[in-house]
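Asks: missing the sequence, but the structure's below:
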């Protein structure tokens, strides 16, 4: 099949010259009922392609956005919350339980500020009894010395309360790799993103299958070669790293992907339910998977909150061409209501350009999205990253639609 747009350079030019047309198309595809309130997308850019490599439905990291982007996010939060609950006054944020992570507390403080700046009273609430040690609230101080108070949530007739304050709208910021023990269908308070699609139920394999469908439809609409906007992948099920069950099949999948790549390219093997950079191996051959030692297999076997990894995503490694102070970097784009509000760079001095940067040694560098100027003017960079991030979030709407239906 022939395409009018076959290279990344051609895609850059197309996005800037057809910006409104592209976004009108994307806007028409998002369905209000299934669009997550917010999300973040990790994007790798090589010399030949841009590809999303992870999509987060309950993102942390708002503390890494620049002030201008946070101001913009507040305006979109205001519009989307009003569209869901027009008379809302109090917004509850339901956080993760790892409250000893002081940088995560920075994120909560800044996310709370963005919602307050949108015009709402903000309270932090939790269902986790273990946090409170018999008390009704938990007082914390973040890395940057922000004070946070998390209150034990109560449920009355399906409505969430913080002390005696009724929650009009709740924002879930807990990925539920450890499922919250609540009958969510009995909760009447609107919660977004839906709690029915945490990592206890969600699969990266399914997300990237939906992304493939979304990007191919987008590519057909604009005569773009879809290969420049996605990484090749294969899903492999029923793997047990502890017993070595399925490692031969997993290795064969690695070799199949590798056969479609140039000799120097790596292959990423990812746990389909993995978060926080856990459950990832970067290899050059299937034999490296098959011959893994026990220590390496243990790292691939169990993830956050003791989730056992049995479904794997075998994905083309996209070597990053982006650097920050001569260190390999990748871009994370944040979205509210499916619209890009900015992002940051994940930088790792201890890793190579074809490695997993979301690992020990990583640091975050803020930027206003328009400040990215690597090998191109800022307008084309902003346009490209935004389009890829919006496509990935559009794929997530299909995940949500499938769960809610």
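Replies: On my side now, so go ahead. It should be emphasised that the depicted structure is a prediction, and the values quoted were computed from it without experimental measurement.
Asks: How far away from the center of its chain is the worst-scoring helix or strand of the chain on mean pLDDT?
Replies: Least confident helix or strand, the chain: strand 362-367 with a mean of 78, by mean pLDDT, DSSP states H and E. Counting by C-alpha atoms, centre = their mean, to the nearest Å, strand 362-367 is centred 16 Å from the centre of its parent chain.
Asks: who's in contact with residue 229?
Replies: Residue 229 makes contact with 11, 49-51, 215, 218-219, 388, 391 under the criterion C-beta atoms under 8 Å, 6 or more residues apart in numbering. Yep, even glycine has a C-beta here, placed from its N, CA and C like the rest.
Asks: quick one: which of those has the most company?
Replies: Among the contacts of residue 229, residue 388 has the most neighbours (other C-beta atoms under 10 Å), with 27 neighbours.
Asks: which residues touch the least confident helix or strand of the chain?
Replies: 61, 64-66, 277, 324, 329, 343-349, 351.
Asks: Any idea which of those the model trusts least?
Replies: Of all these, residue 277 has the smallest pLDDT value, namely 67.
Asks: List the ones among the contacts of residue 229 that fall in helices.
Replies: Using DSSP state H, the members of these that fall in helices are 11, 215, 218-219, 388, 391.
Asks: Now render those residues as a markdown table, adding pLDDT and distance to residue 118.
Replies: Listed next are those as a markdown table, based on pLDDT from 0 to 100; distance: C-beta to C-beta, whole Å:
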| residue | pLDDT | distance to residue 118 |
| --- | --- | --- |
| 11 | 95 | 34 |
| 215 | 98 | 32 |
| 218 | 98 | 30 |
| 219 | 97 | 35 |
| 388 | 97 | 26 |
| 391 | 98 | 26 |
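Asks: Include distance to residue 250 when you put those residues into a markdown table, please.
Replies: Formatted as a markdown table, those follow (distance: C-beta to C-beta, whole Å):
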| residue | distance to residue 250 |
| --- | --- |
| 11 | 32 |
| 215 | 25 |
| 218 | 30 |
| 219 | 29 |
| 388 | 27 |
| 391 | 28 |
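Asks: Give the residue spans of the stretch 301-405 of the chain that score low on pLDDT.
Replies: Where the stretch 301-405 of the chain drops to pLDDT under 70, the residues are 303-305, 367-380.
Asks: ignore the last one, the chain
Replies: Low-confidence segments of the chain (pLDDT under 70): 274-277, 303-305, 367-380.
Asks: What segments of it are helices?
Replies: Counting by DSSP H, the helices of the chain are 8-17, 19-29, 67-84, 102-117, 204-222, 247-258, 286-290, 294-301, 378-404.
Asks: just so I know, which of those lies nearest residue 265?
Replies: Taking C-beta to C-beta as the criterion, helix 247-258 is the member of the helices of the chain that comes nearest to residue 265, at 7.4 Å.
Asks: tally of neighbours for the closest residue to residue 310 other than its chain neighbours?
Replies: In this structure, residue 310 finds its nearest non-sequential neighbour in residue 239, 5.6 Å apart by C-beta to C-beta, 6 or more residues apart in numbering. Counted with other C-beta under 10 Å, residues neighbouring residue 239 total 24.
Asks: what do you get for residue 136?
Replies: 10.
Asks: Among the ones in helices among the contacts of residue 229, which one lies nearest to residue 82?
Replies: residue 391 (26.3 Å).
Asks: on that earlier part again, may I see the ChimeraX selection of the buried members of the contacts of strand 362-367?
Replies: To isolate the buried ones among the contacts of strand 362-367 in ChimeraX, judged by 16 or more other C-beta atoms under 10 Å, type:
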select :61,64,65,66,277,324,329,343,344,345,346,347,348,351
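Asks: from the contacts of strand 362-367, which ones fall inside strands?
Replies: Counting by DSSP state E, those place 324, 329, 343-348 in strands.
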